[in-house]
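In: sequence and computational prediction follow.
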Amino acid sequence: MQDREALESLVRRLPKAELHVHLEGTLEPELALRIAERNALSAPFPSVDAARAAYHFENLQSFLDVYYTMTDVLRTEQDFYDLTWAYLTNAATQNIRHVELFFDPQAHLSRGIPFGIFIAGILLALEDAETHLGVTSRLIMCFLRDQPVEDAARVLATAHLYRDRIAGVGLDSAEAGYPPQLFKDVFDQAAAYGMHRVAHAGEEGPPAYIAEAIDVLGAERIDHGVRCLEDPALVDRLVRERVPLTVCPLSNVRLRVVPSLADHPLKRMLDAGLLVTVNSDDPAYFGGYLVENYVEAALALRLTRDEIVTLVENSFTASFLSDEAKAAHIEAVRAAAALP
């Protein structure tokens, strides 16, 4: 489909799930500046324009430097509620019906923000979104892989008290040089608590990190995973085992994982039979939320209508929803896709 207007209409009409979005990465500069003023803090940037001018990244680390500067304004339960609610209200306008949302507790605990403060704000917004917007959710707590493993273990010891509200654990932040195996014991403990496990792998790191995340961490889903195509045997395994990959096209361009959307491997991943999904990652920084990721990738890669529908169906198939809920959502996708 190459008609932008028709393509966007289709994407917006289809009910969708988003499985790879970082709560802190949805902090728009307008909200960050308002929160800084409310908390009597120095603004992270002098203006919204100055903030956006800084969003030109050479790699993952250059992005993370700005990301943590912006995150520093978040101090109170209300701040975390406002951040979460802002993302969820936007998600509702994009016809996102289910979200599996990442958050980074270490980024806040290291600034002296108690776990109970940020989790209360996040959970209340998630509850309100389900009640008032019809958006269901699962919360996934990520460990920062460039921080000590012992720190991750301490965070999990606190988080397991909320394990009825925190569905799973993940692994994010700087990937290169931090193999998944470092976090084996922490992921084993999370599994013992009955939590789902996912991991960022194969973005900056090599394809071997993808296999390691599955074999050592027990990862049920791989976040990014775009470098899997460098290893045909790994691709065969991922297809055979139906391991989901949560791909983020605009993020991959902004962080120089690929030179352009036209070079993005999403189409080749689909053609290979991989269970691939489209997501926005850190949309406040990477130029678009979920609809924009679908539309821009579809235009650049000349995706067909059927391929777009497949990607949307995959977003529910790859989720941690019940089989019954998945089937109901996929039926709704197909009904919306059948409309002229």
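Out: All right, it came through fine.
In: what comes up buried for the worst-scoring helix or strand of the chain on mean pLDDT?
Out: Every helix and strand in the chain was compared by mean pLDDT, DSSP states H and E; the lowest is helix 60-71, with a mean of 88. Judged by neighbour count using 16 or more other Cβ atoms under 10 Å, the buried positions of helix 60-71 are L60, F63, L64, V66, Y67, Y68, M70, T71. Where C-beta positions appear, they are placed from N, C-alpha and C, glycine not excepted.
In: next secondary structure after that helix?
Out: helix 77-93 (DSSP states H and E).
In: so for stretch 261-278, what gets flagged as buried?
Out: So for stretch 261-278, counting by 16+ other Cβ under 10 Å, buried means 261, 264-267, 269-270, 272, 274-278.
In: out of those, give me the two with the largest separation.
Out: L261 and L275 (21.1 Å; Cβ to Cβ).
In: list the contacts of the helix or strand A325 falls within.
Out: Using DSSP H and E, A325 maps to helix 323-337. By Cβ atoms under 8 Å, 6 or more residues apart in numbering, the surrounding residues in contact with helix 323-337 are 10, 13-15, 17, 97-98, 136, 305, 309, 312-313, 316-317, 319, 321.
In: by neighbour count, which of the residues you listed wins?
Out: A17 (28 neighbours; other Cβ atoms under 10 Å).
In: and the angle for the helix or strand hosting that residue with helix 77-93?
Out: Assigned by DSSP H and E, A17 belongs to strand 16-22. In terms of direction (axes from the mean of the first three to the mean of the last three Cα atoms, to 10 degrees), strand 16-22 departs from helix 77-93 by 140 degrees.
In: beyond strand 16-22, next helix or strand please.
Out: That would be, after strand 16-22 and using DSSP H and E, helix 29-38.
In: could you identify the helix or strand that succeeds that next one?
Out: Next element after helix 29-38 (DSSP H and E): helix 48-53.
In: which strands and helices sit next to that next one?
Out: Helix 48-53 sits against helix 29-38, with contacts defined as 3 or more Cβ pairs under 8 Å, 6 or more residues apart in numbering; DSSP states H and E.
In: rerun at 10 Å
Out: With contacts taken as 3 or more Cβ pairs under 10 Å, 6 or more residues apart in numbering; DSSP states H and E, helix 48-53 sits against helix 29-38, helix 60-71, helix 283-286.
In: so which of the ones you listed gets nearest R154?
Out: The nearest among those, by Cβ to Cβ, is helix 60-71 at 19.6 Å.
In: give me the phi and psi angles of the closest residue to A284 other than its chain neighbours.
Out: Distance criterion Cβ to Cβ, 6 or more residues apart in numbering; nearest residue to A284, sequence neighbours excluded, is E28 at 4.8 Å. Torsion angles at E28 (phi, psi; degrees, to the nearest 10) stand at phi -70, psi 150.
In: and if you look at L321?
Out: According to degrees, to the nearest 10, L321 has phi -70, psi 160.
In: mind listing what it touches?
Out: The neighbourhood of L321, defined by Cβ atoms under 10 Å, 6 or more residues apart in numbering, consists of A17, R97, H98, E100, T136, R138, A327, A328, H329.
In: how close does the residue in the chain sticking out farthest from the centre sit to A297?
Out: Centroid-distance maximum for the chain: P340 at 30.9 Å, with Cα atoms, centre = their mean. Going from P340 to A297 by Cβ to Cβ, to the nearest Å gives 24 Å.
In: do the same with A176
Out: 25 Å.
In: which one's more surrounded, those two?
Out: Neighbour totals were compared for A176 and A297, and A297 leads with 25 against 15 (other Cβ under 10 Å).
In: that one sits in which helix or strand?
Out: In the assignment (DSSP H and E), A297 maps to helix 290-301.
In: so where's this structure shaky on pLDDT?
Out: Within the chain, the stretches with pLDDT under 70 are 1.
In: can you rerun that using 90?
Out: 1-3, 43-44, 51, 53-54, 56-65, 67-68, 163, 173-176, 339-340 (pLDDT under 90).
In: all strands for the stretch 101-250 of the chain, in order.
Out: 136-144, 168-172, 196-201, 221-224, 245-247 (DSSP state E, counting those that start in this stretch).
In: for the closest residue in space to E37 that isn't next to it in sequence, grab phi and psi.
Out: The shortest distance from E37 to any non-neighbouring residue, by Cβ to Cβ, 6+ apart, is to A43 (7.4 Å). Main-chain torsions, A43, degrees, to the nearest 10: phi -70, psi 140.
In: check E58 too.
Out: Per degrees, to the nearest 10, the backbone of E58 is at phi -90, psi -30.
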